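S.K.: What shape does this take:
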Amino acid sequence: LEFRCVLFRSGPEGDGRFRGANPPTGAEIAYFQPTRHVFGALKMEILDAAGQVIDTLPAGKRKGINRVYWSMQSKPPRVPSAAQASFAGTVGARVVPGDYKVRITKNGAVYEQALSIGVDRRADYNASDRAAHFAAAQKVGHLFERMSTVVDRVNAVRALLSSRRAALKSEGLKRGIDLYDAALDAQRKLIVATKEGGAITGEERLREHLDQVYGALLGYEGRPAAYLVERIAVLDTELSEVETEVTRLLGDSLDSINRLLALEGLQPITASEIDLEASTAFAEVVFERALLGDEAEETAVATRMERD
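M.R.: A predicted model of the protein is given here:
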């Protein structure tokens, strides 16, 4: 962005001021189409050195030169749902320097082009530092994934308990269900914040602490600071303790609850039912995000087409 300051002057500046768009921060991928693509599939993918698809981009369909920009970032981690937003968790880490490939599939025909990513020559870190940074970011993503799995399973069991509790007649059995439900919720509250209001409430749990670490990690793409690596290890240990307790609750403790349910002729809560409930809830979240993502991609493509 070029900007020429005009000091000690008011009123119209005429041609003394210049404004323009910032250059793209990602990799520019340009391709030519002799005619507008109308029928059939048109897909653009990014592959790593191992041939694995790591990103899918919205491909322009207009006649002539099309330009698409790849952010050179991995997919954002799957963050467990909570009462507060995860700001850093909406962004993926920058991929490591190396050889990649752009693949366009058009009506069954496949076109590929090599893409090489290097380290910015102005940076104060090297490829080894970038690899260490990406490895730390991937570990954070794995922790987010584990948190999401625990929270999804706890939420699934609580939802199944709620439906069965409504059919109970014995107040004693209901109290037993309520105590078990409270124990599950206590473990969930160790992972995620449950109070609305964000920073106003001051409530921070493992998810919020990890989000802060992830944000600090993404703030500098060189070798991660030692304190960040140590903090990730500490959060890993704390999460393992929660996972151990949840495993106990979904094991012997759930067996006891199922025996109480059997006293009134209700079906037990099985592992397959828990998995189905958790996967259904996860699929709903993915579908919602996909809809929002499609809208954003369509807007991005339209913007690029107008500019081109």
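
S.K.: and Ala114, what element?
M.R.: Counting by DSSP states H and E, the element that carries Ala114 is strand 109-117.

S.K.: Just the buried positions in the next helix-or-strand element following that strand, please.
M.R.: Per DSSP H and E, the first helix or strand lying C-terminal to strand 109-117 is helix 127-165. Buried residues in helix 127-165, counted by 16 or more other C-beta atoms under 10 Å: 129-130, 132-134, 136-137, 139-141, 143-144, 146-158, 160-161, 164-165. C-beta: built from backbone N, CA, C; applies to glycine.

S.K.: cool, and stretch 85-102?
M.R.: 86, 88-89, 91-97, 100-102.

S.K.: What of stretch 242-255?
M.R.: For stretch 242-255, a neighbour-count test (16+ other C-beta under 10 Å) marks 242-243, 245-246, 249-250, 254 as buried.

S.K.: And for stretch 109-125?
M.R.: 115, 117, 119.

S.K.: Need these in TSV (columns: distance to Ala216 and pLDDT).
M.R.: Shown next, in TSV, are the buried residues of stretch 109-125 (distance: C-beta to C-beta, whole Å; pLDDT from 0 to 100):
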residue	distance to Ala216	pLDDT
Leu115	29	94
Ile117	23	93
Val119	21	93
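
S.K.: got these as CSV, with distance to Glu45 columns?
M.R.: CSV is the format used below for the buried residues of stretch 109-125 (distance: C-beta to C-beta, whole Å):
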residue, distance to Glu45
Leu115, 12
Ile117, 16
Val119, 24
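
S.K.: these two touch, right, Cys215 and Ala88?
M.R.: Actually, residue 215 is Gly. It isn't Cys. Yes - the pair Gly215 and Ala88 qualifies as a contact (C-beta atoms under 8 Å) at a distance of 3.5 Å.

S.K.: any idea how far Arg17 is from Val154?
M.R.: Separation of Arg17 from Val154 (C-beta to C-beta, to the nearest Å): 57 Å.

S.K.: actually Gln73, sorry about that
M.R.: Gln73 is 30 Å from Val154, by C-beta to C-beta.

S.K.: next one: Asp185
M.R.: Taking C-beta to C-beta, one finds Asp185 at 8 Å from Val154.

S.K.: circling back to that earlier point, report all helices and strands that the strand holding Ala114 contacts.
M.R.: strand 27-33, strand 98-106 (3 or more C-beta pairs under 8 Å, 6 or more residues apart in numbering; DSSP states H and E).

S.K.: if we go to 6 Å?
M.R.: Packing partners of strand 109-117 (3 or more C-beta pairs under 6 Å, 6 or more residues apart in numbering; DSSP states H and E): strand 98-106.

S.K.: gap between the strand it packs on and the chain center?
M.R.: 23 Å (C-alpha atoms, centre = their mean, to the nearest Å).

S.K.: Paired strands for the strand holding Ala114, with orientation please.
M.R.: Strand pairing for strand 109-117, using DSSP bridges, gives strand 98-106 (antiparallel).

S.K.: State the mean pLDDT of the strand it pairs with.
M.R.: Averaging pLDDT along strand 98-106 gives 96.

S.K.: same question, stretch 221-237
M.R.: The average pLDDT for stretch 221-237 rounds to 97.

S.K.: how about it: buried residues?
M.R.: Of the residues in stretch 221-237, 221, 223-224, 228-229, 231-232, 235-236 count as buried by neighbour count, 16+ other C-beta under 10 Å.

S.K.: which residues touch stretch 154-174?
M.R.: By C-beta atoms under 6 Å, 6 or more residues apart in numbering, the residues outside stretch 154-174 that reach it are 177, 181, 184, 188, 260-261, 264, 266, 269, 274, 277-278.

S.K.: Out of the residues you listed, which end up buried?
M.R.: Using 16+ other C-beta under 10 Å as the burial test, the contacts of stretch 154-174 include 177, 181, 184, 188, 260-261, 266, 269, 274, 277-278 as buried.

S.K.: Tell me which entries of those lie within helices.
M.R.: When DSSP state H is applied, the buried ones among the contacts of stretch 154-174 are split such that 177, 181, 184, 188, 260-261, 274, 277-278 fall in helices.
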